[in-house]
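Asker: Just the structure for this:
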Amino acid sequence: MSNPRGMLQTGKTGVVSSVVGVCITTVLLMLGGNLVSPVLPLYGLSFGVGMAVVGLLVSAFGVARILVDIPGGRLADRLGARATMMVGCLIVGSASVAAAVVDRFWLLVLARALQGVGSALYMVAGYSFVGRVSPPELRGRTMSYYQGSMLVGQSFGPTIGGFTAEHFGLASPFWAYAAMAVLASAVTLVAVPGAAAERALAERTASAEGHGAEATQPAPRRRRRPEPDAGPTEGQGPTWLLRRADFVLVCLVAFSIAYTRTGARGTVIPLMGGNELGLSESRIGMALTVAAVLNLALLVLTGRVVDHYGRKVAIVPGLVVSAVSLLLFTGAHDYPQYVLAAAVLGLGTGVAGPAPAAYVSDILPPQAFGVSMGLYRTIMDAGMVAGPVVAGAVADWLGLSWALTLNAALLAAVALLFAWRAPETRVAPRAVAQAPRRGAA
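Answerer: Numbering: from 1, shown residues only. Modelled structure (predicted):
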């Protein structure tokens, strides 16, 4: 008789090596994308348009991602993660070349939208792959590695992009982005397993997970009727998940974190440092770098905690600490207080980091994992797009401090709701060992 636990132990090397391959390609793609971010407004202005119109460059990328997340997940289910990731990388590379050579602003907006399409295909397939093949006892750590690779690209990309544009021209970061996308596609081909191997890893993980649950949990009671939300039926889309409280709650967590990332950290906090504290760009950047470094440093540790003690033990405190950090920004009167608030923000986002992705991977149906992950990514990307718009509007209407205060209230409300209503999906190993075992037949 086969031993699924033994199969899982021998398969962990394959899972880890595959996740490492995905992380390498993610670093390349995120680094390339963030090479472009600091020069994008200036490059748009070079086409002779106004500053208001330049905002289309930012929104085109985000809107395209929202529209493609669910179709991208469906494509990952059908073709496998590797093929979908490669298609996404090649679209990003082609669009980046187009952005570097176009001579019309509307063509630049179109190229930027195509970059968003490619990014969505890659990201949803990457999330789907890591979540699908990772055993529950490793899922927090693998998600922390994956998110850490994204953070590396986000942290170093703007600095390299600014240097590249200064010495080689405003179009040069787009050429670099194209080269990194093509390289990421090549690494994906070599390092990420194909659809058949991905299915084998996912089936091995599911087999071991089911065997472990059967061996350590009491015998389930017989149901009189089938569970209404057990999974999608033939032809049914992923929206059935919106009837599940656990899925909706973890999506609210993802939305609030993404909203905070782009609305508070990306928009309001820099404006507060410059307009109210009179800080230079370099000092603001240094404070945000402190937050990014602490975030990155905590990811691996948080991943282990999430795997050992459960997902909620990181999600709820992380949201609360992030909310406190935003209130600290509203009371900051000098640079040390500003840096302290940034450090607390880094701690909060680092603690909450990989847990939502691990949680949603625990509850998604295996038969529609990719498209369901696409729905989750759609809601997250909606938060990223809404953040700067809503936070900026609140700042114009009520002031910068109120924009951060309302953001903190959103985080606190989601934390309270999640703590109250969301079930834990990962049972601590010690609790599992103490669970009553089934008697012999």
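Asker: wouldn't Leu319 be in contact with Ser256 here?
Answerer: Yes. Assessed by Cβ atoms under 8 Å, Leu319 is found in contact with Ser256 at 7.0 Å. C-beta here means a position set from N, CA and C on the backbone, and glycine is covered the same way.
Asker: who's more crowded, those two?
Answerer: Leu319 (30 against 27; other Cβ atoms under 10 Å).
Asker: For that one, which non-adjacent residue is closest in space?
Answerer: With Cβ to Cβ, 6 or more residues apart in numbering as the criterion, Leu319 has its nearest non-adjacent residue at 3.7 Å, and that residue is Ala415.
Asker: The helix or strand hosting that neighbour: which residues count as buried?
Answerer: Per DSSP states H and E, Ala415 falls inside helix 400-421. Of the residues in helix 400-421, those scored as buried under the neighbour-count criterion (16 or more other Cβ atoms under 10 Å) are 400-401, 403-408, 410-412, 414-415, 417-418.
Asker: And for stretch 388-402?
Answerer: For stretch 388-402, burial by neighbour count (16+ other Cβ under 10 Å) applies to 388-392, 394-395, 400-401.
Asker: now stretch 61-76
Answerer: Neighbour count says stretch 61-76 has 61-70, 72-76 buried, by 16+ other Cβ under 10 Å.
Asker: From Val321, how far out is the residue nearest to Leu319?
Answerer: From Ala415 across to Val321, the span is 10 Å (Cβ to Cβ, to the nearest Å).
Asker: Then Asp246?
Answerer: 23 Å.
Asker: Tell me how this protein divides into domains.
Answerer: Domain ranges of the chain: 10-204, 240-433, per automatic domain parsing.
Asker: Could you dump the ones you listed into JSON lines with mean pLDDT added?
Answerer: What follows is the domains of the chain, written out as JSON lines (pLDDT from 0 to 100):
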{"stretch": "domain 10-204", "mean pLDDT": "86"}
{"stretch": "domain 240-433", "mean pLDDT": "88"}
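Asker: the helices in the stretch 201-350 of the chain, which residues?
Answerer: Taking DSSP state H, counting those that start in this stretch as the criterion, the stretch 201-350 of the chain contains helices spanning 245-259, 269-275, 281-309, 312-330, 335-352.
Asker: got the CA coordinates for the second one in CSV?
Answerer: Below are the C-alpha coordinates for helix 269-275, written out as CSV (Å, rounded to 0.1, in the frame of the first residue of the first chain):
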residue,chain,number,x,y,z
ILE,A,269,2.8,59.0,3.3
PRO,A,270,5.3,60.6,0.8
LEU,A,271,3.0,63.6,0.4
MET,A,272,2.8,64.0,4.2
GLY,A,273,6.6,63.8,4.5
GLY,A,274,7.1,66.4,1.8
ASN,A,275,4.2,68.8,2.4
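Asker: can the helices of the stretch 201-350 of the chain go into a markdown table with extra columns for distance to Gly161?
Answerer: As requested, the helices of the stretch 201-350 of the chain are exported to a markdown table (distance: least, Cβ to Cβ, whole Å):
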| stretch | distance to Gly161 |
| --- | --- |
| helix 245-259 | 22 |
| helix 269-275 | 17 |
| helix 281-309 | 13 |
| helix 312-330 | 26 |
| helix 335-352 | 22 |
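Asker: Nearest to Leu151, out of those helices?
Answerer: Each of the helices of the stretch 201-350 of the chain was scored for nearness to Leu151 using Cβ to Cβ, and the closest is helix 281-309 (5.1 Å).
Asker: The closest one: which residues count as buried?
Answerer: Buried residues in helix 281-309, counting neighbours by 16+ other Cβ under 10 Å, are found at 283-284, 287-288, 290-292, 294-296, 298-300, 302-303, 305-307, 309.
Asker: re earlier: closest one to Gly148 among the helices of the stretch 201-350 of the chain?
Answerer: When those are ranked by proximity to Gly148 (Cβ to Cβ), helix 281-309 comes first, at 4.6 Å.
Asker: list the contacts for the residue nearest to Leu319?
Answerer: For Ala415, the contacting residues are 315-316, 319-320, 323, by Cβ atoms under 8 Å, 6 or more residues apart in numbering.
Asker: go again using 7 Å as the cut-off
Answerer: Shown here is Ala415, whose contacts under the criterion Cβ atoms under 7 Å, 6 or more residues apart in numbering are 316, 319-320.
Asker: got it, and Val321?
Answerer: If a contact means Cβ under 7 Å, 6+ apart, then Val321 has 344, 347-348, 351 as its contacts.
Asker: now the residues you listed as a markdown table including distance to Gln154 and neighbour count?
Answerer: What follows is the contacts of Val321, written out as a markdown table (distance: Cβ to Cβ, whole Å; neighbours: other Cβ atoms under 10 Å):
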| residue | distance to Gln154 | neighbour count |
| --- | --- | --- |
| Val344 | 19 | 20 |
| Leu347 | 17 | 21 |
| Gly348 | 17 | 27 |
| Val351 | 18 | 26 |
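Asker: Adding distance to Trp106, write those out as TSV.
Answerer: TSV is the format used below for the contacts of Val321 (distance: Cβ to Cβ, whole Å):
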residue	distance to Trp106
Val344	43
Leu347	43
Gly348	40
Val351	43
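Asker: quick one on the thing from earlier: and of the contacts of Ala415, the nearest to Ala358?
Answerer: In terms of Cβ to Cβ, no member of these lies closer to Ala358 than Val316, at 14.2 Å.
Asker: So for this protein, the centremost residue is which one?
Answerer: By Cα atoms, centre = their mean, the mean C-alpha position of the chain lies nearest to Gln147, the distance being 6.5 Å.
Asker: Could you say which helix or strand holds that residue?
Answerer: Using DSSP H and E, Gln147 sits in helix 136-168.
Asker: next SSE after that helix?
Answerer: On the C-terminal side of helix 136-168, the closest following helix or strand by DSSP H and E is helix 172-191.
Asker: For that next one, give me every contacting residue.
Answerer: When contacts are defined by Cβ under 7 Å, 6+ apart, helix 172-191 is touched by residues 21, 24-25, 28-29, 31-33, 35-36, 39, 82, 85-86, 89-90, 92-93, 96-97, 99-100, 161, 164-165.
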